[in-house]
Structures are given as structure tokens and as C-alpha cells.
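Undergrad: need a 3D model of the following:
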Amino acid sequence: MTVPKDIKQAVQKQTEVAGDKMKSEEKSQSWIAETVSVVIEHLNKFGACVIDDFLGERKGVRILDEVLDLRKREIFQEGQLASVKAEKSIRSDKITWTDGASPPTPNIKNLINMIDTIVMTANKAPNNGVLSNYNIGSRTKAMVACYPGEGTHYVKHIDNPNKDGRALLLFTISTKTGTLRKMEDV
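TA: Residues are numbered from 1 along each chain as shown. All right, here's what the predicted structure looks like:
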């Protein structure tokens, strides 16, 4: 894939700010530029972006191990909708909020930093289509949801009925290889 020069320059500027250490600096910038280009293209074309094998098996397993450790330490609580406890038929997941520092989860923190770099770079890139409608300057802590079996399952629902400014919703599914899905919040 050919990455436009303006996206490459935006990535270089953003990775310098983020202190990116995912891979070698040049390889990392190239990977981020390609990912940003795909995100922008897919959000404009489909309103969503799915990137399979986003993390790779090793990183995916490390994040999954941290989620399972949080579960073992009973950090999770019942999933909720719009600050109200939800019925099990709507939300049967267990959730916790983290920034990767508290509780300490370095692999989740690296994932959050990587996603921040991609989102901020895409948001500031010239010719970024639908993302130009948003001035993304911050994010909430990351919600980690766990579906521990016993009939638990994901059901499509609206987390943000008040339209409080959320611009993007991101899913990262850690099964081993991970999938990143970005979509505009409806």
C-alpha cells in the first residue's frame, strides 16, 4: 500500500510526541502510517474499520493474560448502561476501567498508547475525511470487558445516549491475535 506523504509526515510528528517504542523507529512509523491510512480510508468508505491481527499473537496473548489476571484479582464489576445497572439479557459482561497504570497492566498500557498514536495521527492528518468533523483531544480510561462464559455474550447497545462528545468507539478483542475495530459512535 502506498501511504500519502502528508500522512507519513503526520505520523513522524505524532510518534516523536508519543515516544513510540513498539518496534524500530522507522518500522514503527511505517506501520503506523499504513494503519492510519487504512483507518481513514475505511471510516470514510464504510463508517467502520476492522484490522485483523492488529496486535500479533505474542502481544495479544500478553494482553489476554493481563485481562485474566485482573479477573482473578476480582477487579471487574457488572457491566452497566448509561450509569444504570443493566439487565443480564442486555449486558452480561464484567467490566473495569484502566489507563494501564492503575492497576498496573503494562501491555494494556502499550496498547492504549499505540491506539492513541493512531487516533491522534488520523485526526490531525490532512484530508482525513469524516475525522475532520472532530477535534479529538482526549479520551476516557479504557474499558476492559470480559465475557467469562456461562452464557455471557455481547449484545449491541448504546453506551452513549447523551451524545456527550464521544467521537470513536474502539474494540480490541484479545483471543490471541487481536482485532481492532474503530467505528463512529452513533
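Undergrad: for the chain, what spans make up the strands?
TA: Counting by DSSP state E, the chain forms strands over residues 48-52, 77-78, 80-81, 84-85, 94-98, 142-146, 168-173, 179-184, given from the N-terminal end onward.
Undergrad: my read: residue 112 touches residue 100, true?
TA: Yes - with contacts defined as C-beta atoms under 8 Å, residue 112 counts as touching residue 100 at a distance of 5.2 Å. Glycine gets a C-beta too; all of them are placed from N, C-alpha and C.
Undergrad: okay, and the common contacts of those two?
TA: By the contact definition C-beta atoms under 8 Å, 6 or more residues apart in numbering, residue 112 and residue 100 are jointly contacted by residue 142.
Undergrad: related to what we said a few turns ago, any idea which of the strands of the chain scores lowest on pLDDT?
TA: Ranked on mean pLDDT, the bottom entry among the strands of the chain is strand 179-184, at a mean of 44.
Undergrad: quick one, longest helix in the chain?
TA: helix 25-46 (DSSP state H).
Undergrad: name the helices or strands packed onto that helix?
TA: helix 5-18, strand 48-52, helix 106-124, strand 179-184 (3 or more C-beta pairs under 8 Å, 6 or more residues apart in numbering; DSSP states H and E).
Undergrad: same thing but at 6 Å, please
TA: The contact analysis (3 or more C-beta pairs under 6 Å, 6 or more residues apart in numbering; DSSP states H and E) places helix 25-46 against helix 5-18, strand 48-52, helix 106-124.
Undergrad: between helix 106-124 and it, find me the angle.
TA: Computed with axes from the mean of the first three to the mean of the last three C-alpha atoms, to 10 degrees, the direction of helix 25-46 lies at 60 degrees from that of helix 106-124.
Undergrad: buried residues, helix 25-46. List them.
TA: Neighbour counts over helix 25-46 (16 or more other C-beta atoms under 10 Å) mark 28-29, 31-40, 42-43 as buried.
Undergrad: how far off strand 48-52 does that helix point, in degrees?
TA: 140 degrees.
Undergrad: dump the C-alpha coordinates for helix 25-46 into PDB.
TA: Output for helix 25-46, consisting of C-alpha atoms alone and laid out as PDB, is shown next (Å, rounded to 0.1, in the frame of the first residue of the first chain):
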ATOM      1  CA  GLU A  25      11.500   3.900  14.900                       C
ATOM      2  CA  GLU A  26      11.400   3.700  11.100                       C
ATOM      3  CA  LYS A  27       9.500   0.400  11.000                       C
ATOM      4  CA  SER A  28       7.100   1.700  13.700                       C
ATOM      5  CA  GLN A  29       6.400   4.900  11.700                       C
ATOM      6  CA  SER A  30       5.800   3.000   8.500                       C
ATOM      7  CA  TRP A  31       3.400   0.600  10.300                       C
ATOM      8  CA  ILE A  32       1.500   3.500  11.900                       C
ATOM      9  CA  ALA A  33       1.300   5.400   8.700                       C
ATOM     10  CA  GLU A  34      -0.200   2.300   6.900                       C
ATOM     11  CA  THR A  35      -2.600   1.800   9.700                       C
ATOM     12  CA  VAL A  36      -3.700   5.400   9.800                       C
ATOM     13  CA  SER A  37      -4.200   5.300   6.000                       C
ATOM     14  CA  VAL A  38      -6.400   2.200   6.400                       C
ATOM     15  CA  VAL A  39      -8.400   3.700   9.300                       C
ATOM     16  CA  ILE A  40      -9.100   6.900   7.400                       C
ATOM     17  CA  GLU A  41     -10.000   5.100   4.200                       C
ATOM     18  CA  HIS A  42     -12.300   2.600   5.900                       C
ATOM     19  CA  LEU A  43     -14.000   5.100   8.100                       C
ATOM     20  CA  ASN A  44     -14.800   7.200   5.100                       C
ATOM     21  CA  LYS A  45     -15.900   4.300   2.900                       C
ATOM     22  CA  PHE A  46     -17.700   2.000   5.400                       C
END
